[in-house]
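*Asks:* Any chance you could fold what I've pasted below:
(one chain, ligands or ions: 1)
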Amino acid sequence: MTLSIPAAEALLAKHSPADEAWPRHCHQVAKVARHIAEALQKRGVMSPEDAQLLEVQSLLHDIGRSRTHGPLHGWSGYVMLRALGHVREARGCLSHWLKGRDLHEVQPSRLWTAEFATRAWSELHPPPWTLLDSALSVADSSVQHTTIVPLRQRHEDLYTRYGDSPWLRRAAELAELQAEQLSAALGCSLDAYLDPLFGDQLD
Ligand SMILES: [Fe+2]
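*Replies:* This is a model prediction of the structure:
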């Protein structure tokens with residue numbers, strides 16, 4: 001059974017350092033995800049169970065930051081949640097990190113071995129990439145620190161913070177493709193649908 005939203009909030013709170021902003025970022029990602037899920041449910045393309053799972057994954061996607069802020073925080077979070085028995089909930093830690101890349105795009109890195117890349121990627125496949133995965137990816141790409149912003153603004157900020165790189169460029173490209181997929185599922189532009197949320201900040 002999927003973790004309840006209050007249980008996910010409690011788990012996030014348990015691992016939240018008081019002086020760090022990333023838990024508030026997670027709450028904002030969950031807000032965007034909930035907004036998207038509501039519309040997808042109305043359109044009959046997302047079940048209530050998947051809407052709950054999406055919100056739970058959003059709340060917990062960055063929980064690995066309680067261990068490391070490095071590029072492998074997604075893997076850390078995945079291992080943490082899996083060890084607690086929350087395997088489906090753990091998927092969000094991997095999916096927001098790998099972002100729907102093919103295996104060959106994950107392979108070359110100075111940060112991990114080919115064996116590790118294959119193992120991490122294989123944890124997501126099967127099952128294949130889903131609409132739920134796209135919704136989490138786009139929700140994460142719509143929150144800059146703790147403010148909800150358009151995708152392009154968020155990616156420009158990432159280039160500034162971490163330096164321009166093929167990895168980040170591909171993340172931006174995939175997020176745009178996933179936004180198009182969601183727009184088609186919503187029957188309207190995702191950007192227009194999220195517009196009322198832009199600028200919303202959680203202090
Ligand atoms: Fe995030």
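
*Asks:* How much space separates residue 176 from the ion?
*Replies:* From residue 176 across to the ion, the span is 17 Å (CB to the ion, to the nearest Å). C-betas here are computed from N, CA, C, even on glycine.

*Asks:* cool, residue 97 as well?
*Replies:* Taken as CB to the ion, the span from residue 97 to the ion is 9 Å.

*Asks:* Is that residue located within a helix, as I assumed?
*Replies:* Yes. Residue 97: assigned to a helix according to DSSP: H, G, I helix; E, B strand; the rest coil.

*Asks:* Look up the closest residue to the residue of the chain found nearest the ion, ignoring the ones flanking it.
*Replies:* Nearest to the ion in the chain, going by CB to the ion, is residue 140, at a distance of 4.2 Å. Distances taken as CB to CB, 6 or more residues apart in numbering put residue 96 closest to residue 140, at 4.7 Å, once the chain neighbours are dropped.

*Asks:* can you check residue 93 too?
*Replies:* Here the residue nearest residue 93, using CB to CB, 6+ apart, is residue 77, at 3.5 Å.

*Asks:* wait, does the strand or helix carrying the one you found contact the ion?
*Replies:* Using DSSP states H and E, residue 77 sits in helix 73-83. No. Applying CB under 5 Å from the ion, one finds helix 73-83 out of contact with the ion, separated by at least 9.1 Å.

*Asks:* you'd agree residue 151 is up against residue 173?
*Replies:* No. Counting by CB atoms under 8 Å, residue 151 does not reach residue 173; the two are 10.6 Å apart.

*Asks:* what about these two, which has more around it?
*Replies:* Under the neighbour definition other CB atoms under 10 Å, residue 151 and residue 173 were set side by side, and residue 151 has more, 18 against 12.

*Asks:* related to what we said a few turns ago, what about the residue of the chain closest to the ion, how many residues close to it?
*Replies:* Based on other CB under 10 Å, the number of other residues close to residue 140 is 26.

*Asks:* How about residue 164?
*Replies:* Counted with other CB under 10 Å, residue 164 comes out at 10.

*Asks:* So it: helix, strand or coil?
*Replies:* Three-state assignment for residue 164 (three-state DSSP): coil.

*Asks:* Now do the contacts for it.
*Replies:* Contacts for residue 164 (CB atoms under 8 Å, 6 or more residues apart in numbering) come out as none.

*Asks:* run the last query once more with 10 Å
*Replies:* residue 158 (CB atoms under 10 Å, 6 or more residues apart in numbering).
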